[in-house]
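S.K.: Need a 3D model of the following:
(chains A and B)
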There are 2 protein chains.
Amino acid sequence: MSANREDRVDFVVNAAGRRVPTIVNGQPARPYAGVGAPAPDGPKHGPPIRSAADYPENGDKRVPDLKTALERCGLRDGMTISTHHHLRNGDRIAVAALQAAAELGARDLRWLPSASFPCHEPVVDLMESGVVHHIEGSMNGPLGAYCSHGHMRGLGVLRSHGGRWQAIQDGEVHVDIAVIAAPTADPFGNADGSHGPSACGSLGFALADSIYADHVIVVTDNTVPFPCVPWQIQGNNVDFVVEVDSIGDPAKIVSGTTRITRSPDRLLIAEYVARFLRDAGIMRDGFSFQAGAGGIALAFVGYIRQMMIDAGVKARFVRGGSTSYLVDLLNEGLTDYILDGQTFDLAGVRSIGEDSRHLPTSPFTSYNYHGKGNFASMVDAVVLGATEVDVNFNANVVTHSDGMLLHGIGGWQNCLFSRCTILALPSFRDRIPVILDEVTTLTGPGERVDGIVTERGVAVNPRRTDLLEALEASDLPIRPIEEIKAEVELLVGGPPAKPRLEDEPVAVIKWVDGTVIDTVWKVPQPTESG
Amino acid sequence: MSANREDRVDFVVNAAGRRVPTIVNGQPARPYAGVGAPAPDGPKHGPPIRSAADYPENGDKRVPDLKTALERCGLRDGMTISTHHHLRNGDRIAVAALQAAAELGARDLRWLPSASFPCHEPVVDLMESGVVHHIEGSMNGPLGAYCSHGHMRGLGVLRSHGGRWQAIQDGEVHVDIAVIAAPTADPFGNADGSHGPSACGSLGFALADSIYADHVIVVTDNTVPFPCVPWQIQGNNVDFVVEVDSIGDPAKIVSGTTRITRSPDRLLIAEYVARFLRDAGIMRDGFSFQAGAGGIALAFVGYIRQMMIDAGVKARFVRGGSTSYLVDLLNEGLTDYILDGQTFDLAGVRSIGEDSRHLPTSPFTSYNYHGKGNFASMVDAVVLGATEVDVNFNANVVTHSDGMLLHGIGGWQNCLFSRCTILALPSFRDRIPVILDEVTTLTGPGERVDGIVTERGVAVNPRRTDLLEALEASDLPIRPIEEIKAEVELLVGGPPAKPRLEDEPVAVIKWVDGTVIDTVWKVPQPTESG
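M.R.: Residues are numbered from 1 along each chain as shown, chains lettered A, B, ... in the order given. As a prediction, the model looks like this:
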């Protein structure tokens, strides 16, 4: 099946020098204008005023099934249905909702997941059959390939977690029906993720949907009598509650354990990052950091933990993706709080359900750039990954060097606003260098990247003279990025070949403020390219 | 000083048969159209989109004083400044904010408190000098008298707690600057009321203001490092933080103890109410009730507590105004949860700060009629007061029988949506009968009042045949309301004289959906009436 997108639109070169479309899926799109460009004038989106007179006085909003709920929400062709990704690869509700819409005869839907996973592969069939028009959200695995090869009828739109909040809040994306899978809920629609057989921790990614969507459906496999305590999703925003046997596969919702890398190179990278924070004076009493659940990030937490103990230093807060490693810091008194955006393992779920110092956050508190500030810029240091970086510290997290769209942005762009952003990555993968002259897809501008830490050395952004000065006495291998790049190229036999891409956009990458920072181009299918 | 209101406007007779203005303070006003009338089409208010680029990256939003904050919010003549009443008669911030505005030369402000108290008497001077144009919020004591005698330049607008949320949410009241006094806050503006030297419990009444106002100022006397945990007000909605020595007088913010009535008549009323709940089968396992902090309500809690113990019955939740009496129920295992709208005494403040089963709520969760339902209609029984009732169960809570505006509505109107609404009141006060042919000011329609309990008997609304049936075997003195009325009139020498009121409106009473249910008329000053 070939692509069947709308008429071609004009392109402009944005402030990052990237060619981006001015119309995306029929709507005007603002090109990226630089970090800190002014927000558009105008009000936030106002969802429809409702009346309690139209909802059951006894608070019982239960209907028999998803199909009934979608019907009563007035499902129509072309609507936007949103879901969240807290159940990760164990999610059963997003596909069930779209399939229920298919059974009702709906077509040309826009699916707005907060992220998608391999378990969502059946959406490919729904796109083939015309039920789903296109996806706005991260696409990896089969969905990423489907989009990359130009099969999707609309353009993919990738947003950061904060950018998704911004887009919904600003009215750039109008959500008609939000479907919220909830590990615990009451018949009124109050819902929470920290308890129940399918517990997944915070439900923060579904919060914008619950506030701004026209219609909200909560789906649960664990109904409790009103009130569901705590409630992160407020029943006052919910239209219908659907009870199902299971919202997901608990084994795939959270992992029993997340594991530190065993690769010596990656352990070295993790250690360099911890030493960077210590030697630059960032690791001091009351400091804060954010590290995700990747192998390097987890190893980093182990190193910084020991350095904190050795120095008698305590953090004010740490941010996750929470894991047992962050929970240990909390229990050992090495941090006052965990501010949790997403709960990754069983220890994290238990902790957020039981410990009032382990708080759920949302993309609003943490990341939304069109708020009155957000938490991200108050974090002293953040440790992130990337698929590619360039000599100007620009970075890519969404495509591989072959141009294939295989990762979402997550909170990555939002975290760049930390006081010290460190990209921790191996200098090459599968003999392909990671440091390039120019990244395949620009996801984050170099001016917000402060350090790149590889097993071959640590490159500090020359803009950060303060960090370079602070690190003068450090025995870290601080090196110019060009030098590391040259060394890797010597090792693997030169810079990588540029991917062969067609001049046809398949997706756009939004910056935190809703502007288009780059375009993802069609990758010819192996059969097409011979 | 005489009244100087805008040109007279037309009046209509609303669905309750009351004469109400069609224009209120220059804006069209919808007349009351009955309980459950449809909500207006249209979106909720969208506050301006902001950009994090315009707020300090380090999250420190502190400015030296209220004047600076107001200036930087762009204070102009005619703006609306909102405050909340959690500090009750100990509040120092509302007057300080309006006086700071006066020093900046502002005029014709609309003050939108969630309630006012005698400590706000200095606002009379600010109205006299032209700084404040009029008040929309409860007015009692000197402010009530000022309004009642026709001295305010605009019409007073009295809203229930839920109606205030509805009005702000629906854009009926545009809040330019919200000033939120916070017992604890961090420099980013996250704020909470349950800790600190001026702790007052939940800050729920300031929540709508924080979400919908153009500009939000948090004023605190207890700054903690980010993050302020818990945060009920989100810093992401806050523009500026002002530190002051003291936001209020702790002794007047919460009372050390609230006291049960000692009047034998009122104790009898309280006992009748508890027996009503028991005998009607409302007091059963998993039930819920709401009772405020008045003397009769507190006594009722004592009686129902004993009946619950005797019957081995446990509540699912109780709602306050929380007091030590409700906290005792929680600690004795007689209720699973306290859903707290407002914290009235020190025991309540301690409990909400320490016990995760004691939850802060907001007018959004509890009362907003223009939401997808609210908690109020899920409460099995509520015990309320009234200044007057009529033979059709209509009730008044805002004026006295002399027509003087002396009370706010509070959550009273919203609570009428409980499954069983009981007005508990003495049959006469100061030899003036409380049951009349027609109330002076209609605040709540009789169709939402289920029982009137006096020391002379219990009247059940004839519409509630189910309750009358359920109570058939009860030994409560169930009597027709007309009979109780006649008995009281016999006792005190006839029905009370109608108050002498002028044909000039001084305030309007809004129903929960923003419509005008009644008008408050000017009361001649004693000197004028001779």
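S.K.: quick one: contacts for the nearest residue to residue A:315 once chain neighbours are set aside?
M.R.: Of all residues not flanking residue A:315 in the chain, residue A:335 sits nearest, at 4.0 Å (C-beta to C-beta, 6 or more residues apart in numbering or on different chains). C-beta here means a position set from N, CA and C on the backbone, and glycine is covered the same way. For residue A:335, the contact set (C-beta atoms under 8 Å, 6 or more residues apart in numbering or on different chains) comprises A:314, A:315, A:316, A:317, A:318, A:326, A:329.
S.K.: ok but the last one is inside a helix, no?
M.R.: What it means is residue A:329. Yes: under DSSP: H, G, I helix; E, B strand; the rest coil, residue A:329 falls within a helix.
S.K.: Near chain B, which residues of the stretch 151-300 of chain A are found?
M.R.: A:169-171, A:188-189, A:216, A:225-227, A:229-230, A:234-239, A:286 (C-beta under 8 Å from any C-beta of the partner chain).
S.K.: Would you check that residue A:410 makes contact with residue A:160?
M.R.: Yes: using C-beta atoms under 8 Å, residue A:410 is in contact with residue A:160, at 6.9 Å.
S.K.: For residue A:389, what is the enclosing helix or strand?
M.R.: In the assignment (DSSP states H and E), residue A:389 maps to strand A:388-390.
S.K.: So for that strand, mean pLDDT?
M.R.: Rounded to a whole number, the mean pLDDT of strand A:388-390 is 98.
S.K.: what's the answer for stretch A:53-69, then?
M.R.: Per-residue pLDDT over stretch A:53-69 has a mean of 98.
S.K.: Also stretch A:289-307?
M.R.: Here stretch A:289-307 scores 94 as its mean pLDDT.
S.K.: For it, what is the distance to the chain centroid?
M.R.: Chain-centre distance of stretch A:289-307: 19 Å, with C-alpha atoms, centre = their mean, to the nearest Å.
S.K.: swap in stretch A:416-430?
M.R.: In terms of C-alpha atoms, centre = their mean, the centre of stretch A:416-430 is found 16 Å from the chain centre.
S.K.: For it, output the C-alpha coordinates as CSV.
M.R.: Backbone C-alpha positions of stretch A:416-430 (Å, rounded to 0.1, in the frame of the first residue of the first chain) are rendered in CSV as follows:
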residue,chain,number,x,y,z
LEU,A,416,17.2,19.7,28.1
PHE,A,417,16.2,22.7,30.2
SER,A,418,18.0,21.3,33.2
ARG,A,419,20.9,23.4,34.6
CYS,A,420,23.3,20.8,33.2
THR,A,421,22.2,18.4,30.5
ILE,A,422,24.5,15.5,29.9
LEU,A,423,24.1,13.1,27.0
ALA,A,424,25.7,9.8,28.0
LEU,A,425,26.3,7.5,25.1
PRO,A,426,28.8,5.1,23.6
SER,A,427,30.9,6.7,20.9
PHE,A,428,29.8,4.1,18.3
ARG,A,429,27.1,1.4,18.0
ASP,A,430,27.4,-1.6,15.6
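S.K.: in the stretch 201-350 of chain A, what residue is nearest chain B?
M.R.: Here the stretch 201-350 of chain A gets closest to chain B at one residue, residue A:236, 4.2 Å apart by C-beta to the nearest C-beta.
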